[in-house]
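In: Need a 3D model of the sequence below.
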Amino acid sequence: MAAPGDTDLDRMLRNLSVDRRPGEFTYIEVLALTPDLIAVAQATVVEGEMTTVVLEVGDAEQGGRPISVRLAWLTLSVQSSLEAVGLTAAVSERLTGEGISCNVLAGYRHDHLLVPVARAEDAVAVLTS
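Out: As a prediction, the model looks like this:
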């Protein structure tokens with residue numbers, strides 16, 4: 001059975017819209033997730049030696065965590081299949097052309113981009129033009 005969602009790159013790019021999640025986000029890394037951290041985590045990635053956590057800046061500050069970067073969270077509002085080819089590359093190419101850094105998180109139904117807060121509106125504009 002194929003994964004749900006679109007696999008036609010041209011159609012995905014034509015229909016692409018971008019939603020900005022309210023707030024500012026940051027990355028931290030921890031040896032182990034605690035219940036308090038799990039409660040505020042927006043995303044986690046278990047890596048070999050550490051676990052990466054994306055959380056709101058306010059939650060990181062409240063937990064005494066250093067803020068190394070402030071990011072805007074953008075959601076690509078097109079349901080791409082997990083088997084789709086090229087969407088991430090096309091989005092990355094557009095952002096690269098404008099000098100906008102980007103970190104990608106793939107969800108089951110949508111892809112999510114973390115971009116510098118100061119460039120968030122530029123990113124939305126270039127992705128939806």
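
In: What residues sit buried inside the lengthiest helix in the chain?
Out: Ranked by residue count, the top helix of the chain under DSSP state H comes out as helix 87-97. Across helix 87-97, burial judged by 16 or more other CB atoms under 10 Å covers 87-88, 91, 94-95. (Glycine included, C-beta is placed from N, CA and C.)

In: try stretch 24-43
Out: Residues 24-28, 37, 41-42 are the ones in stretch 24-43 that count as buried (16+ other CB under 10 Å).

In: top strand in this protein by residue count?
Out: As assigned by DSSP state E, the longest strand anywhere in the chain is strand 18-30.

In: Which neighbours in the sheet does that strand have, and how are they oriented?
Out: strand 51-56 (antiparallel), strand 71-76 (antiparallel) (DSSP bridges).

In: Determine how far the last one lies from the middle of the whole chain.
Out: On the basis of CA atoms, centre = their mean, to the nearest Å, strand 71-76 is displaced by 5 Å from the centre of the chain it belongs to.
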